[in-house]
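Trainee: only the shape, not the letters, is given here:
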């Protein structure tokens, strides 16, 4: 087309070309070289008046819609997608395609653009503005989603795309449907200043209002820094991708400048830090694909909202199946540890247990399983870690889990083997009294069905805290191996018989165990409902859940309780 011999033919063709989609396609493909060629045509004496109307005539509405939608879908374009893939990450739309059931995604606000005019931003507008929002389905159940697009201006938050998030948050509340946020953003859009900060504040407010009304899940699939971290922190569950995601309020550069401390991004806010030390995140997964798969799996345990019942799945596992392995799971020596997961897994349907926060506060285990197809929250002290003692982190971990289960009508089953609260100056100065009270508060406040089994030790105040009858437990059982007392026999003898000789103390310890280190004192007082055969545990739980299915329990009217936060 740029050859001289074709100039006259090209211009005549352009002048006579009808205003059709085919011509529009030609116009969109017009290159700089073509434009130069046309200028030379004009200089050669051809009529410009007829060329100009053809090439400046506005698109039809249909064509403009199509072009804008294509731009919105393209996001940062092939180069941006290639950069994401090079980091082992998926693009925003690829993530949504894998998260949601096929052909169920309906997008909102694909044409939204920012309104910033500072720093030349009026020339940098793209439909969608780096945020993909909408509705879809997961396992045939509705959800709302929003996903930050890092390929477009680093996924930074503008007021416009914050309003997109706010819209789906409002819709989720209105419809009573879970909401899932996929975070991959550099933070606030600096060019917008306070407008971006206002957007964060509005999102946080809706996180709070949605709490306990609809399930909220956050996926951290890239950077999440500054104020952006507080939205995931306010949601119910946070899943991080190893090596490619991080969360912190202030980054390594600020830490170095203010504190002269050199720290890497991973050490400051990587997935390992937040799943094993801070407790901010609940799960760490290997890649985007696993994060999306685990999210679908986790959501299957939850109802759509706080007025709905959890979904029931069919199972071929008999409700009255005997768990024979439980008869030998407790070692003869009470000081010998065992894995509480060897108690939980044989009890649940098909031995399938979805553990939450497996790397944080390992001295207590929390997670979801099903009993007769119905979702149940499980809590158990872990004797293999700190002998199952309760400490600050274990109390916080279990308390929040209980409150979520209670908010969304999920029954709670507790397996108790706790020698007490962890002693030591670090725990006392760290506030074990206040944090331990959170766990007590959560159990006492909960009105969902609460079933507890004392498998071995239940000593001191920890006995009360772990779903005891005194905290409105519905059914409480003890295995024959249960020891319910103020403290262990050795400690008790050293206090009661401190003046006795060592030989006499040995006999006193045996006498103490015979009198107190067994389930009979509690059973005689009605503090436990029965002493049961361990292999019958699954049958008992299924029976009790059926009996408690329509449980109604009132609490005194109050605006809200004052949990010791």
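Mentor: Good, I have the coordinates. Since the structure is predicted, the reported quantities are computational estimates derived from the model, not experimental observations.
Trainee: so residue 63 sits in a helix?
Mentor: Yes - assessed by DSSP: H, G, I helix; E, B strand; the rest coil, residue 63 belongs to a helix.
Trainee: count the residues that sit near it.
Mentor: A total of 15 residues lie near residue 63 under the criterion other Cβ atoms under 10 Å. Quick note: C-beta positions are derived from backbone N, CA and C, even for glycine.
Trainee: can you check residue 140 too?
Mentor: Around residue 140 there are 8 residues (other Cβ under 10 Å).
Trainee: ok, now residue 476?
Mentor: Quick note: residue 476 (other Cβ under 10 Å) scores 23 neighbours.
Trainee: remind me which residues of this structure are low pLDDT?
Mentor: For the chain, the stretches with pLDDT under 70 are 1-59, 117.
Trainee: rerun at 50
Mentor: The model of the chain has pLDDT under 50 over residues 1-35, 37-38, 40-42, 44-56.
Trainee: backbone phi and psi for the closest residue to residue 208 other than its chain neighbours, please?
Mentor: Distances taken as Cβ to Cβ, 6 or more residues apart in numbering put residue 234 closest to residue 208, at 6.2 Å, once the chain neighbours are dropped. Dihedral angles of residue 234 (phi, psi; degrees, to the nearest 10) stand at phi -90, psi -10.
Trainee: check contacts around residue 234.
Mentor: 204, 207, 208, 211, 216 (Cβ atoms under 8 Å, 6 or more residues apart in numbering).
Trainee: those strands in the stretch 251-400 of the chain, which residues are they?
Mentor: 283-285, 354-356, 364-371, 374-381 (DSSP state E, counting those that start in this stretch).
Trainee: try the stretch 101-250 of the chain
Mentor: 106-108, 131-138, 141-148, 179-183, 216-220, 223-225, 237-241, 246-248.
Trainee: okay, the strands of the stretch 251-400 of the chain, which one's buried deepest?
Mentor: Of all the strands of the stretch 251-400 of the chain, strand 374-381 carries the top mean neighbour count, a mean of 25, counting by mean count of other Cβ atoms under 10 Å.
Trainee: which residues sit against that one?
Mentor: Contacts for strand 374-381 (Cβ under 8 Å, 6+ apart): 301-302, 310-312, 340-341, 343-344, 348, 353, 363-370, 388, 390, 398, 401-402, 404-405, 410-418, 466-467, 541, 545.
Trainee: go again using 7 Å as the cut-off
Mentor: The contact list for strand 374-381 (Cβ atoms under 7 Å, 6 or more residues apart in numbering) reads 301, 310, 312, 340, 343-344, 353, 363-370, 388, 398, 401, 405, 410-418, 545.
Trainee: roughly how far does residue 526 sit from residue 469?
Mentor: Separation of residue 526 from residue 469 (Cβ to Cβ, to the nearest Å): 8 Å.
Trainee: more neighbours: which of the two?
Mentor: residue 469 (18 against 9).
Trainee: so the more buried one sits against residue 476, correct?
Mentor: Yes - counting by Cβ atoms under 7 Å, a contact exists between residue 469 and residue 476, whose distance comes to 4.9 Å.
Trainee: before we move on, the earlier item: mind giving me the ChimeraX select for the contacts of strand 374-381, buried ones only?
Mentor: In ChimeraX, this line selects whichever of these come out buried by 16 or more other Cβ atoms under 10 Å:
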select :301,310,340,343,344,353,363,364,365,366,367,368,369,370,388,398,401,405,410,411,412,413,414,415,416,417,418,545
